[in-house]
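1. Sequence below, structure please.
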Amino acid sequence: MKFSKFLLSYYKSLIVLVLIFILSTMPSSDVPKPSWISFKHIDKIVHLGMYFFLTFILIFDTIRAGTVYTRSKVLLFSALFALLYGVFIEIFQGVFTASRSADGFDAVFNTLGITLAVTLIILIKIFK
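-> Numbers count the residues shown, from 1 in each chain. Down below sits the predicted model:
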């Protein structure tokens, strides 16, 4: 796949990847916190949502790219890519940021989001 076709096919996924990277590496004091949410572990729900959305977008971008991969391979590729990206971000936070740390529970909620996205795609039978 040519690089220009890749960019056109995966631009939504790339935008989500960049947004997750920015939100995950900016100082925690700079992350917007809506005043109407006072749930103690809201960050875990945010992790679940970010990785659900990332996986969902990766699946659709891969389908839209016109790949000849089977449904199983598209789901596996998207889930593994999102999982590895989540692990990369956690390691990056622990090594390269001052106000963030690697958190195993974040990785668990990333994985839950990924699993929910794949499960939803399977249940609603988006593609065959």
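2. just checking, what's the longest helix in this structure?
-> Counting by DSSP state H, the longest helix found in the chain is helix 71-96.
3. what's that helix packed up against?
-> With contacts defined as 3 or more CB pairs under 8 Å, 6 or more residues apart in numbering; DSSP states H and E, helix 71-96 has these neighbours: helix 3-25, helix 42-64, helix 104-124. C-beta: built from backbone N, CA, C; applies to glycine.
4. right, and those - which one's nearest Phe88?
-> Nearest of the helices and strands packed on helix 71-96 to Phe88, taken as CB to CB: helix 3-25 at 9.3 Å.
5. Which strands or helices does the closest one pack on?
-> Using 3+ CB pairs under 8 Å, 6+ apart, helix 3-25 sits against helix 42-64, helix 71-96.
6. Packed most tightly, which of these would that be?
-> Each of the helices and strands packed on helix 3-25 was scored by mean neighbour count; the highest is helix 42-64, a mean of 20, by mean count of other CB atoms under 10 Å.
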